[in-house]
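Trainee: I'll drop the sequence and a predicted model, then ask my questions.
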Amino acid sequence: MSKINIEFTLFSAFYSPLISTMTGGFLKEEGLDFEYTVSAPGVTAITALDNGTADVVQSTLSQGFNTLNKGGVPACVHFAQINEMDGFFLTGRDADPAFSWDKLEGAEVLVHHGGQPMTMFKYACYKGGVDINKIKIIDAGNGSEMDKAYRAGTGQYIHQQGPAPQQLEADGVGHVVTALGPTIGPCGFSSLAAKPEWLKTDEAKAFTRAYIKTRNYMNDTPAAEIARAEKPLFPNIDEAVLADCIGTYQKMGVWTRHIDITDAGYEAMLDIFEYDGMLKTRYAYDQVCAKPPIV
């Protein structure tokens, strides 16, 4: 049985289409054994492609933008979509069914300061009609440190990926007031990346077949069933919370059936990063992306 190594830049239920290739048994069906790792905080999984410790990684198109901005040529390509929408939520201290973005003005908000999450937060504020300069943004560290700080009483709102917000809600610490995805709109938020030479291998074709099956599974299977299979990889998250999170993402439509990174999704990411002044120019699709292996 062939073996592939997978690395996640961030590990959360938002990346369930990649997680479920493993927990749903789809890689095994294609004759692939696997191991997975998670990058250290602040380190991109692209590093694992560069040093040869991973074959396929969870990443984002903006990693390609960063390399191109520095005058380099990306050594890897993004070949399949994971999420076609931002997967972060805002959680507040109180339930607020009538939440509007202008309520953030004057409030203390713990915002995830990783490169892309911050850029997306800025764009969400822009789309939501709020002056970000009027928000008291707090940098409390990485995701785990942010969660601890909020639970200890810091801030009025916190910006997190699922299932952390749903777990806060289940623990009575906060209430999810909005999701960024619908405010920002569809975009090529996160993707699978690999070296071009790996994409020519039989392993890459087998992986792609498994991933196509997983995309359908994510749309056709009840959230509770997906969560039950994934639960061993989320020891600190209640299974009901995990199911709630997965069901929320299903309703949001973040996991489309197709696996291609679309032109529209790519252009939307250029718009978002251009708004934040993070692009030297609007790079062509084929400077960052490639089509999935033909299976």
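Mentor: Perfect, thanks for sending it.
Trainee: Tell me where the chain has helices.
Mentor: According to DSSP state H, the chain carries its helices in the segments 16-23, 26-29, 46-50, 61-69, 115-127, 143-151, 164-170, 180-184, 202-220, 223-230, 239-252, 263-275.
Trainee: which parts of the third one are buried?
Mentor: What it means is helix 46-50. Of all the residues in helix 46-50, those buried under the rule 16 or more other C-beta atoms under 10 Å are 46, 48-49. To be clear about C-beta, it is placed using only N, CA and C from the backbone, and glycine gets the same treatment.
Trainee: most tightly surrounded among the helices of the chain?
Mentor: Of all the helices of the chain, helix 16-23 carries the top mean neighbour count, a mean of 24, counting by mean count of other C-beta atoms under 10 Å.
Trainee: between that one and helix 202-220, how many degrees?
Mentor: Helix 16-23 and helix 202-220 meet at an angle of 110 degrees, taking axes from the mean of the first three to the mean of the last three C-alpha atoms, to 10 degrees as the criterion.
Trainee: Run through who's touching stretch 20-27.
Mentor: Counting contacts by C-beta atoms under 8 Å, 6 or more residues apart in numbering, the residues outside stretch 20-27 that touch it are 4, 6, 33-34, 36, 206-207, 210-211, 213-214, 217-218, 226, 229-230, 232-233.
Trainee: now Asn216, nearest residue through space, not along the chain?
Mentor: On the basis of C-beta to C-beta, 6 or more residues apart in numbering, the spatially nearest residue to Asn216 that is not a chain neighbour turns out to be Arg257, at 6.0 Å.
Trainee: Next up, the contacts around the one you found.
Mentor: If you count contacts by C-beta under 8 Å, 6+ apart, Arg257 has them with 215-216, 219.
Trainee: Mark out where each domain of the protein begins and ends.
Mentor: When the chain is parsed with automatic domain parsing, its domains come out as 2-85+187-287, 88-184.
Trainee: Tabulate those in a markdown table, adding columns for distance to Ile294.
Mentor: Putting the domains of the chain into a markdown table (distance: least, C-beta to C-beta, whole Å) gives the following:
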| stretch | distance to Ile294 |
| --- | --- |
| domain 2-85+187-287 | 8 |
| domain 88-184 | 30 |
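Trainee: JSON lines for these, including mean pLDDT and distance to Pro293?
Mentor: Supplementary listing: those in JSON lines, determined by pLDDT from 0 to 100; distance: least, C-beta to C-beta, whole Å:
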{"stretch": "domain 2-85+187-287", "mean pLDDT": "96", "distance to Pro293": "5"}
{"stretch": "domain 88-184", "mean pLDDT": "95", "distance to Pro293": "26"}
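Trainee: Tyr249 contacts Pro163, correct?
Mentor: No. Judged on C-beta atoms under 8 Å, Tyr249 makes no contact with Pro163 at a distance of 9.6 Å.
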